[in-house]
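Q: Sharing a model prediction with you, sequence too.
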Amino acid sequence: MGNVSGKTGNGFTYEGDYQPPSAGRVHWTATFRHNGDYAGMRHGCVHNLPGASAADLDEAIKVDIESTWTDAH
């Protein structure tokens, strides 16, 4: 299992976990906070990642987390 954290474009911080790639897919779950207060949770799956480097994997997960959170509001 891997960890990911960051800040979304609309000011929410997140911490998440993801499963290692399997068949080119990565499943992730993230918890969001705003000013330290719980704001919600989301989960998702990134496809087409066979053989992705650790940096590419991290970036793809962060982009999907950002999209999932900001497009939901």
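A: Looks like it arrived, so ask away. This is a predicted model, so every value here is computed, not measured. Numbers count the residues shown, from 1 in each chain.
Q: For this protein, which segments count as strands?
A: For the chain, the strands defined by DSSP state E occupy 2-7, 13-18, 26-34, 37-46.
Q: Please report the distance of the residue nearest to Met1 when sequence neighbours are not counted from Thr29.
A: Nearest residue to Met1, sequence neighbours excluded (Cβ to Cβ, 6 or more residues apart in numbering): Asp17, at 5.5 Å. Where C-beta positions appear, they are placed from N, C-alpha and C, glycine not excepted. Distance, Asp17 to Thr29, by Cβ to Cβ, to the nearest Å: 6 Å.
Q: tilt between the one helix or strand in the chain whose mean pLDDT sits lowest and strand 13-18?
A: Across the helices and strands of the chain, mean pLDDT, DSSP states H and E gives its lowest value to helix 54-72, namely a mean of 92. Here helix 54-72 points in a direction 120 degrees away from that of strand 13-18 (axes from the mean of the first three to the mean of the last three Cα atoms, to 10 degrees).
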